[in-house]
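Peer 1: would you be able to build a 3D model of this:
(2 chains)
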Amino acid sequence: MALLQARHFCKDFGAVNVIPDLSIDIQEGDFTVLVGPSGCGKSTLLRMIAGLEDITRGELLIDGRLANDLHPRERGISMVFQSYALYPHMSVSENIGFGLKLEGCSKAEIKQRVGDVADALQLGELLHRRPAQLSGGQRQRVAIGRAIVRKPRIILFDEPLSNLDAKLRVEMRMELMKFHSNHGITTIYVTHDQVEAMTMASRIAVMEKGQIRQFDTPKKLFDAPTDPFVAGFIGSPQMNLFEVSKVDGKTLVTKEGATISFAGLSSDRIGHAATIGVRPEHVSIGGKEGELAFMARVDLIENLGDESIVHLVSGTQKITARAFYGAECRVDQEVRLGFREANTHMFDQAGQRLA
Amino acid sequence: MIATSHVWLRRSAAPLVVGALPAILFIMLFGVYAGWTIAVSFTDLALLGRKAIEPSFVGFDNYVRLVARDGFLGAVWTTTVFTFFSAIVGQCGIGFLLAVILKGGKKRLRGIVEFSLLFGWLAPDVVAAFMWSALASPDGLLNTVILRPLGFERVHLLNLYAMELVVISNIWKGTAWSYLLFSAALDTVSREVVEAAYVDGANAWQRLRYVLVPLLRPQIATNLLLVTIWTYAFFSLIWALTGGGPGRDTEVLSIYMYKQAFEVGKLGYGSAIAIAMMLIVAGLSVLYVRQGKDALR
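Peer 2: Numbers count the residues shown, from 1 in each chain, chains lettered A, B, ... in the order given. Below you'll find the predicted structure:
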């Protein structure tokens, strides 16, 4: 049985419905990432799980026990906040030991347990410092220490890396991954950064408008997105999505005015799709026999050294292609583009993935 | 001073001095009055009679009298009680609690409370005193609307509970200031820090005790300093409500000083009281400022 189950969650803020009906099961020991654009309800979902927001309707089960009205501590949950929310007037050891002090633990026990956590997180030297005297990375470790000292079943992270600079973010990401693999505490992690999601998660829930669009492993999300939103959200640069407006023989026209020929294909299957997606790395400039093919004008080339991102336009349809050994084209040149049917992701009118 | 200002100001010191003349005179006036009060406190200057024209130097006699006779020490006690209950417990404490409680409260409730608080604050002292005496007098609202219909005897509240009444009326009058100050201060506390304390298992009291109060210590110290200074020298509301009575029950230092100086006519002694008051308030200020500094460290 799953450690944490959200059943038909619904959240209203006054008259505004943020989460209409959401269910998710989280397995013990998993690193689950909730990802989605801002305003999709991921933080709200996390705060409902934490007990910081009421659950308007629906049930939260932890270990099979109804937890809607339990205090976060009784839920066995602790949380690391975006700003880390350390108590500025307390030293590192007081910050970590605050929850234990409230529980009424003896001074000796608090000292022992804070010491253990500090050792595990390499905070031993810093125990007497105030948060203001710590670096960003050290603050994060104190926040994690404060979260794990009470030995929670589940630890929640609310965009903990979003305030850090790019270099530190990569370091902290690795530290968090190591921390999870060492301790194995069930983790739910909110981010809007899909790179964080892809690298850290054992399973990712992609959210949009208060709903989970897909809940799967990072690989499955990337290889077989179940709907166009997920297809567009996961992957960088974004997947090219062509919305088909009409099919005429062996050519199809997209809503944005690109005309794509599939004369080279043996099957007509592609003619039944409402939306066709193809990742930039699968779009080749020049194209080959037996591929879908269309003409486009080069708009911009971003040279990243080992690879180039080529932005093209066909009609008003924007296309991104990724070339790994430098792009053999120049701006404003008309080029032929091609991609293989095997590399396409096809969705029907209802947004369902076509097998 | 001038060196840090604009070049064109530096090059024209003469008009600058002329422009600053009113300010300089004003400051001198303060100095003169303070000096005069100090000087007078060492004399037996009186309001009327021979001593009004020919006062003589009496050394520390006035100050010795402060301690040797009952009046002053009694007034110090009365003032301390009045300040402690009306300003520190009442205005500061209630203001703080209201600010904390209403922070997350419903907008309409907050509007009503804020309006009521501000109404008390904006009402002139004399008007407030008149309202409270109308409420508490034998023919007042409390007696005619509540106590009499319930079959109780008419109660002269201003006689029986004078101190309680001035304390309550001053709380009513001054809580708005502390409330506004603490409301603004609370906005500076990160919401996540308070939530973190909640997730850590702190109940409302513990969040207040271990998180909010320590975080707001500098603001609390500043506010205590201000309301204590104001209340220690407070005059108008009490004077208009009870005149220091009944007997000397509500005779705070400012009223004692006024009576000694202008009713009894001993200006020298009155000045000594004023100086003593200033020293007491200065002592308290040092205490509070230290507190605030500790918090910032």
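Peer 1: contact residues of the stretch 101-250 of chain A facing chain B?
Peer 2: Within the stretch 101-250 of chain A, the positions adjacent to chain B are A:Leu102, A:Glu103, A:Arg146, A:Arg150 by C-beta under 8 Å from any C-beta of the partner chain. Backbone N, C-alpha and C define where each C-beta goes, glycine included.
Peer 1: got the residues of the stretch 101-250 of chain B near chain A?
Peer 2: Counting by C-beta under 8 Å from any C-beta, the residues of the stretch 101-250 of chain B lying close to chain A are B:190, B:192-193, B:195-202, B:206, B:210-211, B:214-215, B:217.
Peer 1: try it again at 7 Å.
Peer 2: B:190, B:192-193, B:195-196, B:198-202, B:206, B:211, B:214-215 (C-beta under 7 Å from any C-beta of the partner chain).
Peer 1: which residue ranges of chain A form helices?
Peer 2: Remark: helices of chain A, listed N- to C-terminal, are A:42-50, A:72-75, A:92-103, A:107-120, A:136-148, A:166-183, A:194-200, A:218-223, A:228-233; assignment by DSSP state H.
Peer 1: with the stretch 151-297 of chain B instead?
Peer 2: Secondary structure of the stretch 151-297 of chain B (DSSP state H, counting those that start in this stretch): helices at B:157-160, B:162-187, B:191-199, B:204-206, B:213-215, B:217-232, B:236-241, B:253-258, B:267-296.
Peer 1: can you put the ones you listed in a markdown table and add mean pLDDT, distance to A:Ala321 and mean neighbour count?
Peer 2: Below are the helices of the stretch 151-297 of chain B laid out as a markdown table (pLDDT from 0 to 100; distance: least, C-beta to C-beta, whole Å; neighbours: other C-beta atoms under 10 Å in any protein chain shown):
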| stretch | mean pLDDT | distance to A:Ala321 | mean neighbour count |
| --- | --- | --- | --- |
| helix B:157-160 | 79 | 88 | 17 |
| helix B:162-187 | 90 | 50 | 21 |
| helix B:191-199 | 90 | 43 | 21 |
| helix B:204-206 | 88 | 58 | 12 |
| helix B:213-215 | 90 | 54 | 17 |
| helix B:217-232 | 88 | 59 | 20 |
| helix B:236-241 | 87 | 80 | 21 |
| helix B:253-258 | 89 | 84 | 22 |
| helix B:267-296 | 82 | 58 | 17 |
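Peer 1: switch those over to CSV; also include distance to A:Thr186.
Peer 2: What follows is the helices of the stretch 151-297 of chain B, written out as CSV (distance: least, C-beta to C-beta, whole Å):
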stretch, distance to A:Thr186
helix B:157-160, 64
helix B:162-187, 35
helix B:191-199, 16
helix B:204-206, 27
helix B:213-215, 32
helix B:217-232, 38
helix B:236-241, 62
helix B:253-258, 65
helix B:267-296, 39
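Peer 1: do you know which of those lies nearest A:Lys11?
Peer 2: Distances from A:Lys11 to each of the helices of the stretch 151-297 of chain B were compared using C-beta to C-beta; the shortest belongs to helix B:191-199, at 16.8 Å.
Peer 1: hey, what's the angle from the closest one to helix B:162-187? Just curious.
Peer 2: An angle of 110 degrees separates the directions of helix B:191-199 and helix B:162-187 when computed by axes from the mean of the first three to the mean of the last three C-alpha atoms, to 10 degrees.
Peer 1: so what touches helix B:191-199?
Peer 2: For helix B:191-199, contacts defined as C-beta atoms under 7 Å, 6 or more residues apart in numbering or on different chains pick out A:Ala50, A:Leu52, A:Pro72, A:Ser78, A:Met79, A:Phe81, A:Gln82, A:Ser83, A:Ala85, A:Tyr87, B:Arg207, B:Val211.
Peer 1: of those - the most surrounded one?
Peer 2: Using other C-beta atoms under 10 Å in any protein chain shown as the neighbour test, the contacts of helix B:191-199 are led by A:Met79, with 29 neighbours.
Peer 1: next up, the contacts around the closest residue to chain B within the stretch 101-250 of chain A.
Peer 2: When scored by C-beta to the nearest C-beta, the stretch 101-250 of chain A has A:Leu102 as its residue closest to chain B, at 4.6 Å. For A:Leu102, the contacting residues are B:Asp200, B:Gly201, B:Ala202, B:Gln206, by C-beta under 7 Å, 6+ apart.
Peer 1: pLDDT at it, what is it?
Peer 2: Looking at A:Leu102, its pLDDT reads 88.
Peer 1: distance of it relative to A:Ile77?
Peer 2: 15 Å (C-beta to C-beta, to the nearest Å).
Peer 1: quick revisit: what about burial for the residues of the stretch 101-250 of chain A next to chain B, which qualify?
Peer 2: Neighbour counting over those (16 or more other C-beta atoms under 10 Å in any protein chain shown) leaves A:Leu102, A:Arg146, A:Arg150 as the buried ones.
Peer 1: surely the second one meets A:Gly97?
Peer 2: No - using C-beta atoms under 7 Å, A:Arg146 makes no contact with A:Gly97, being 8.5 Å away.
Peer 1: just checking, B:Ala276 touches B:Arg65?
Peer 2: No - the criterion here is C-beta under 7 Å, and B:Ala276 misses it with B:Arg65 at 10.8 Å.
Peer 1: which residues in the stretch 51-200 of chain B form strands?
Peer 2: Chain-ordered strands for the stretch 51-200 of chain B, with DSSP state E, counting those that start in this stretch as the definition, do not occur.
Peer 1: for it, which spans come out with low pLDDT?
Peer 2: Counting by pLDDT under 70, not a single residue of the stretch 51-200 of chain B qualifies.
Peer 1: also chain A?
Peer 2: For chain A, the ranges with pLDDT under 70 are A:1, A:326-327.
Peer 1: at the geometric centre of the chain, which residue do we find?
Peer 2: As the question left the chain open, I've gone with chain A. Per C-alpha atoms, centre = their mean, the C-alpha nearest to the average position across chain A is that of A:Val35, at 3.2 Å.
Peer 1: could you do chain B instead?
Peer 2: With the centre of chain B defined as its mean C-alpha position, the nearest residue by C-alpha atoms, centre = their mean is B:Thr231, 1.7 Å away.
Peer 1: and stretch B:100-108, which residues are buried?
Peer 2: Quick answer for stretch B:100-108 (16+ other C-beta under 10 Å): B:Val100, B:Leu102, B:Lys103.
Peer 1: need the contact partners of that stretch.
Peer 2: With contact meaning C-beta under 7 Å, 6+ apart, stretch B:100-108 is reached by B:Arg110, B:Val113, B:Leu186, B:Leu208, B:Leu212.
Peer 1: then stretch A:179-199?
Peer 2: The list of residues contacting stretch A:179-199 from outside it, by C-beta under 7 Å, 6+ apart, reads A:3, A:26, A:28-38, A:42-43, A:46, A:49, A:144, A:148, A:152-159, A:161, A:173, A:200, A:204, A:218, A:233-234, A:236.
Peer 1: and these, which of them are buried?
Peer 2: Members of the contacts of stretch A:179-199 that pass the buried threshold by neighbour count (16+ other C-beta under 10 Å) are listed as A:3, A:26, A:30-36, A:42-43, A:46, A:49, A:144, A:148, A:152, A:154-159, A:161, A:173, A:200, A:204, A:218, A:233-234.
Peer 1: so what's the residue nearest to the centre of chain B closest to, chain neighbours aside?
Peer 2: Setting aside the residues directly before and after it, B:Thr231 is nearest to B:Ala87 in space (C-beta to C-beta, 6 or more residues apart in numbering or on different chains), at 3.8 Å.
Peer 1: am I right that the one you found is in contact with B:Thr228?
Peer 2: Yes - proximity of B:Ala87 to B:Thr228 meets the contact threshold set by C-beta under 7 Å, at 5.9 Å.
Peer 1: in helices, which of the buried residues of stretch B:100-108 fall?
Peer 2: For the buried residues of stretch B:100-108, membership in helices holds for B:Val100, B:Leu102, B:Lys103, with DSSP H as the criterion.
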